[in-house]
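Q: Next comes the sequence, and after it the predicted model I'd like to discuss.
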Amino acid sequence: MHREKLLDLNEAIQFPGKVLSFELSTELEEEEDIDLLSSLHGTLSAVSNINMLTITGHFETSVVMECARCLQPVVVDLEFDINEEFPISGIPASMAKNSYAQIKTEAEFAPLFEGNSLIYEELLRQSLWLNLPSRQLCRSDCPGLPGIETPPEPIHSEFEEIYEILKKREQED
Ligand SMILES: [Zn+2]
């Protein structure tokens, strides 16, 4: 079975106020629909305020996209911030005897955590998708592919005409 790459955030969750920071770099090998030209890299920090774990980060990478007009590959440099909050249940271990706090495993967050460990590539993958331009041009005045800048004239076939005539006759009957 494929083993997820995990970032253990338990220390931040049990010790509210303590900031954990990580330097991360990934090729996002699991992501087949994004063509990374350079690794996705940056820093990620996690801190808890007892009830909520806040994860912030700043990442950059370059991706290869297709020009929406001429379909040629375009290199797009991307830079984005991450700012996510995840609810915590239980009392942190540092605040009471025999206590333990953990990330609430609500369905919407579950795929991002295994216990108190973040499946960080999944968070980075989702954040990257959110920050990808939906439409990219190689240059603002890209002329597009020769011949298909304007949609072709609709072809009016003889069959269509015959069909229309038959339909009219049917209605008249
Ligand atoms: Zn183009």
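A: Cool, the structure landed. Numbers count the residues shown, from 1 in each chain.
Q: Spell out the residue ranges of the strands in this protein.
A: In order along the chain, the chain carries the following strands (DSSP state E): 6-8, 20-26, 35-48, 52-66, 73-89, 102-103, 113-114, 117-119.
Q: Show me which positions of the lowest-mean-pLDDT helix or strand in the chain end up buried.
A: Taking all helices and strands of the chain together, the one with the lowest average confidence (mean pLDDT, DSSP states H and E) is helix 158-172, at a mean of 71. By neighbour count, and taking 16 or more other C-beta atoms under 10 Å as the criterion, helix 158-172 has no buried residues at all. (Glycine included, C-beta is placed from N, CA and C.)
Q: One more: stretch 11-26?
A: Within stretch 11-26, the residues scored as buried using 16+ other C-beta under 10 Å are Ala12, Ile13, Gln14, Phe15, Pro16, Leu20, Leu24, Thr26.
Q: same check, this time on stretch 81-88
A: With the criterion 16+ other C-beta under 10 Å, stretch 81-88 contains buried residues Ile82, Glu84, Phe86, Ile88.
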